[in-house]
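Undergrad: one predicted model, sequence on top.
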Number of protein chains: 2
Amino acid sequence: MSLYRTFDSADLRIWLSTQITLSTQLGGKPEEWSIKEVSDGNLNSVFLVHGLDSSLCCKQALPHVRVAPDWPMPLERALYEARYMRATEAAVTGLAPKLFHYDADLFLLVMECLSPHTVLRSALIADQVTPGFSETIGQYVAQTVHTTGWTTRPFEEGSRLLADFAGNTALTRITVDLILNDPYRVCTRNPEPEPALLSAVEALRTDRPLHAAISRLQNIFLTCRQALLHGDLHTGSIMLHERDVRVIDGEFATMGPIGFDCGLYLGNLALHACAAPQKMPAMEHEMRVFWAAFAEQFQTLVSQGGGDVGGLLEDDAARLTMVQDMLLGILRDTAGFAGLEIIRRTIGFAQVADYSLCPDDAARTTARKRALEIGRTLIMSAEAIESPDALFALLCPSPATGAPSLT
Amino acid sequence: MSLYRTFDSADLRIWLSTQITLSTQLGGKPEEWSIKEVSDGNLNSVFLVHGLDSSLCCKQALPHVRVAPDWPMPLERALYEARYMRATEAAVTGLAPKLFHYDADLFLLVMECLSPHTVLRSALIADQVTPGFSETIGQYVAQTVHTTGWTTRPFEEGSRLLADFAGNTALTRITVDLILNDPYRVCTRNPEPEPALLSAVEALRTDRPLHAAISRLQNIFLTCRQALLHGDLHTGSIMLHERDVRVIDGEFATMGPIGFDCGLYLGNLALHACAAPQKMPAMEHEMRVFWAAFAEQFQTLVSQGGGDVGGLLEDDAARLTMVQDMLLGILRDTAGFAGLEIIRRTIGFAQVADYSLCPDDAARTTARKRALEIGRTLIMSAEAIESPDALFALLCPSPATGAPSLT
């Protein structure tokens, strides 16, 4: 018999009072704890618990999409989030919340409470960010993919990760459908496009060169198992307070192409710039900060060697060349996946709140059309990109000239 | 307590007599069965059992390398061979022996007895093959990778295969060490090279451009999880009798790059041609037959669609373009892995018996030097190959001109 039940605040208080380590950590008596539900994402219940000595964040998987109760969603995603946090925790101490406990029956994670942090997307919309926050995200991606890839560890470790995360198919199916397919086909999950966007949406559904380029990215996503990805690294999966930046919500974790994590993050910065064009310079700055931090850290870490890939390379120059070749491949994948994310978050399921910044309908339509153009150009041009500058030029085209075309 | 024990013929007879289905299938009384040990490979015990009605082949994993008892080897490889046969059996009926039973305690496979079949490598050495046998191998590779890849099945099936085979690390470690690393470094597993080859072997150990190219192939082998590979598709893993050709010994199975299976097979044909130069035209014919059968079947099968990769492509021309792009990638990987196999089987652990065809030491040295040159050229030129003809020209260079160089 399953022990799972969906918790409300009262259930959680009773359960926490039976957990000696956690209740000691909170401090005080259970009736003195403040428990507040703050569920915000699409998939889970989240509670913040404040005791006399400390606080905790409790996240429980729901058996359906929170915002669409008729869309069932296996509970096991909580297990994969716990596995992801454990697989990466040593590499990202201070860059992600600490996981204190995972309850396999309740599909419940108990982790560090991030307070007074806010979600990055909300902070961006409210214009309350400290510039340079993307440096942490670049370091985070470099650290996680380094600690789970093939160049610095015996391949047996990566094989174990392949086995541990291959079963996370329910959430990978969301990625495959919502990012890699749905925006380019008729599908009941797609929201009805606003009339002014209809022709642009229809054009994406019949754009054969685009579909061919997307097929290549679909193949990369499923075939290219470079490292353990966060898998959903958008600006809603990041919390920050001043210079303390943390990545949360690793339930989409899967072994995959490193450019997928990079692309989702940069794509969401580009979406914000589309919604608020006056912030494009600030977003381009964040993109550059992200890539510089990622590439530098990746190069430093991967050059250390110790894995089964590159073990024959004895001098620093040879290792550096290998790492730079890898970075160029990641850069190109980043462009393609950023393009897919931009289009998906503009016309597909789970669109971004950033467009609420547009002052009126006309401005929102203009912003979305621009996003679709940028997304398409990124997808079509990904393979030809030779430098980070070329990527930034596509992500943040000059407003005067519109989306540049490399095709 | 483990129920495993290493069987001799008497143990096997007693065990088979307790297996109702198998003993009925054999026919007659246990004392009437003929049981003959025919262990020949590096890793296992093999028995052929003939009853009154039918015959069986019984293969049991040993806890060490059969030919090197101080090299321990986990028994679980038998489980992976059984999983491989079950994952592919519907796709390769008649191209592989049928698996009747797998005993998880004894690490014992009971399968169709191939008689009067001989091992392809032995048949090649004895010059007793019917030309065109490679057509079956090309079909076999196309069928197995089609039934286990991402273009024709929902990705959940490939994910299950990733999970099922990621644990086969003991045998993948052999591949990583013996094929991808050892020949290019000082290593106790490497046999002492004959004096006339010493300088060539030492050159391979200090060849930095070669090491860089090999690092790229190491990365492809571990990262690029295109389909379920046989993983050890050399001419000793194939049995045939006239036109009945069967692939055996799938214990190295792993999700990996399709060109690895193709490359090992073509590399072993090239090795045979190096050892017996007069047979190069015959071997080139087999290479062409293999690739034509593989490519045609792959194209036919993959073009059918039905998977998560390429699902947006609605017209035949678009699917064909995608398949041809995939085939070019496979062709290039094939070249690289063929080169690695040729070098490994010439100077590394587990060298091929084909060199016994050389009439004297001088001829053998010439043959091996030639093989090393061909192998190196394949590895260095792999990325630049544009057509099957270019691959065949590297695998079977004109004796007058030696190994062509594209570098």
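TA: Now that the structure is in, tell me what you want to look at.
Undergrad: for the residue most central in space within chain A, phi and psi?
TA: Nearest residue to the geometric centre of chain A (Cα atoms, centre = their mean): A:L233, 1.0 Å. Note on A:L233: backbone dihedrals following degrees, to the nearest 10 are phi -90, psi 60.
Undergrad: where does chain A dip in pLDDT?
TA: Within chain A, the stretches with pLDDT under 70 are A:1, A:399-407.
Undergrad: biggest helix in it, by residue count?
TA: helix A:316-347 (DSSP state H).
Undergrad: that helix vs chain B: in contact?
TA: Yes. Applying Cβ under 8 Å from any Cβ of the partner chain, one finds helix A:316-347 in contact with chain B at A:318, A:321-322, A:325-326. Yep, even glycine has a C-beta here, placed from its N, CA and C like the rest.
Undergrad: what about burial for those, which qualify?
TA: Buried residues within those, counting neighbours by 16 or more other Cβ atoms under 10 Å in any protein chain shown: A:318, A:322, A:326.
Undergrad: residues touching the first one, list them.
TA: Read it as A:A318. Contacts for A:A318 were tallied using Cβ atoms under 8 Å, 6 or more residues apart in numbering or on different chains; they are B:208, B:211-212.
Undergrad: scan these and report the most crowded one.
TA: B:H211 (24 neighbours; other Cβ atoms under 10 Å in any protein chain shown).
Undergrad: wait, a helix at it?
TA: Yes. Judged by DSSP: H, G, I helix; E, B strand; the rest coil, B:H211 forms part of a helix.
Undergrad: OK, contacts around it?
TA: Here B:H211 is in contact with A:312-314, A:318, B:184 (Cβ under 8 Å, 6+ apart).
Undergrad: on that earlier part again, and the longest helix of chain A, what's buried?
TA: For helix A:316-347, burial by neighbour count (16+ other Cβ under 10 Å) applies to A:318-319, A:322-323, A:326-327, A:329-347.
Undergrad: equivalent analysis for stretch A:114-134, please.
TA: A:114, A:117-121, A:123-125, A:129, A:133-134.
Undergrad: mind putting these in JSON lines, secondary structure and distance to chain B included?
TA: JSON lines is the format used below for the buried residues of stretch A:114-134 (DSSP: H, G, I helix; E, B strand; the rest coil; distance: Cβ to the nearest Cβ, whole Å):
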{"residue": "A:L114", "secondary structure": "coil", "distance to chain B": "32"}
{"residue": "A:H117", "secondary structure": "coil", "distance to chain B": "34"}
{"residue": "A:T118", "secondary structure": "strand", "distance to chain B": "35"}
{"residue": "A:V119", "secondary structure": "strand", "distance to chain B": "30"}
{"residue": "A:L120", "secondary structure": "helix", "distance to chain B": "30"}
{"residue": "A:R121", "secondary structure": "helix", "distance to chain B": "28"}
{"residue": "A:A123", "secondary structure": "helix", "distance to chain B": "35"}
{"residue": "A:L124", "secondary structure": "helix", "distance to chain B": "32"}
{"residue": "A:I125", "secondary structure": "helix", "distance to chain B": "32"}
{"residue": "A:V129", "secondary structure": "coil", "distance to chain B": "35"}
{"residue": "A:F133", "secondary structure": "coil", "distance to chain B": "31"}
{"residue": "A:S134", "secondary structure": "helix", "distance to chain B": "26"}
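Undergrad: how many residues are close by A:Q304?
TA: By the measure other Cβ under 10 Å, the count of residues near A:Q304 is 11.
Undergrad: same deal with A:V289?
TA: For A:V289, the count of nearby residues is 18 (other Cβ under 10 Å).
Undergrad: quickly list the domain ranges of chain A.
TA: Listed domain ranges for chain A are A:9-112, A:118-395 (source: automatic domain parsing).
Undergrad: nearest to B:L204, out of the ones you listed?
TA: Distances from B:L204 to each of the domains of chain A were compared using Cβ to Cβ; the minimum, 10.2 Å, belongs to domain A:118-395.
Undergrad: and that closest one, end to end?
TA: 25 Å (Cα to Cα, to the nearest Å).
Undergrad: quick check, distance from that domain to the centre of its chain.
TA: 7 Å (Cα atoms, centre = their mean, to the nearest Å).
Undergrad: which parts of chain A are strands?
TA: Using DSSP state E, the strands of chain A run over A:34-37, A:44-50, A:55-61, A:64-65, A:68-72, A:99-103, A:108-112, A:118-119, A:227-229, A:238-241, A:244-247, A:254-256.
Undergrad: run me through the strand neighbours of the fifth one, direction for each.
TA: Each strand paired with strand A:68-72, and its direction, by DSSP bridges: strand A:64-65 (antiparallel).
Undergrad: the helices in chain A, which residues?
TA: Using DSSP H, helices in chain A cover A:9-17, A:20-26, A:77-88, A:120-125, A:134-148, A:155-165, A:169-174, A:198-205, A:208-223, A:258-275, A:280-302, A:316-347, A:361-381, A:388-395.
Undergrad: pull out the buried residues from the second one.
TA: By that I understand helix A:20-26. Counting neighbours by 16+ other Cβ under 10 Å, one finds that the buried residues in helix A:20-26 are A:22-23, A:25-26.
Undergrad: got a list of what A:R216 touches?
TA: Taking Cβ under 8 Å, 6+ apart as the contact definition, A:R216 lies against A:336, A:383, B:322, B:325.
Undergrad: those residues into CSV, with extra columns for distance to B:A104?
TA: Formatted as CSV, the entries for the contacts of A:R216 read as follows, by distance: Cβ to Cβ, whole Å:
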residue, distance to B:A104
A:G336, 44
A:E383, 46
B:M322, 40
B:D325, 41
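Undergrad: picking that back up, tell me the most buried of the domains of chain A?
TA: Comparing the domains of chain A by mean neighbour count (mean count of other Cβ atoms under 10 Å in any protein chain shown), domain A:118-395 ranks first with a mean of 21.
Undergrad: kindly report the residues of the stretch 101-250 of chain A close to chain B.
TA: Applying the criterion Cβ under 8 Å from any Cβ, the portion of the stretch 101-250 of chain A that neighbours chain B consists of A:150-151, A:155-156, A:158-160, A:162-163, A:166-167, A:169, A:172-173, A:176, A:180-181, A:184-185, A:208, A:211-212, A:214-216, A:218-219, A:222-226.
Undergrad: sorry, wrong one. I was asking about the stretch 301-407 of chain A.
TA: Proximity of the stretch 301-407 of chain A to chain B is confined to A:308-315, A:318, A:321-322, A:325-326 under the rule Cβ under 8 Å from any Cβ.
Undergrad: if we can go back for a sec, and of the buried ones among the residues of helix A:316-347 next to chain B, the nearest to A:E89?
TA: Of all these, the one sitting nearest A:E89 is A:M326; the distance, using Cβ to Cβ, is 24.4 Å.
Undergrad: quick one, what contacts the closest one?
TA: For A:M326, the contacting residues are A:151, A:298, A:302, B:219, taking Cβ under 8 Å, 6+ apart as the criterion.
Undergrad: ok, A:R189 next?
TA: Contact analysis of A:R189 by Cβ under 8 Å, 6+ apart lists A:177-178, A:182, A:348-349.
Undergrad: what about 10 Å?
TA: Taking Cβ atoms under 10 Å, 6 or more residues apart in numbering or on different chains as the definition of contact, the neighbours of A:R189 are A:68, A:71, A:174, A:177-178, A:182-183, A:348-350.
Undergrad: next, give phi and psi for it.
TA: phi -70, psi -20.
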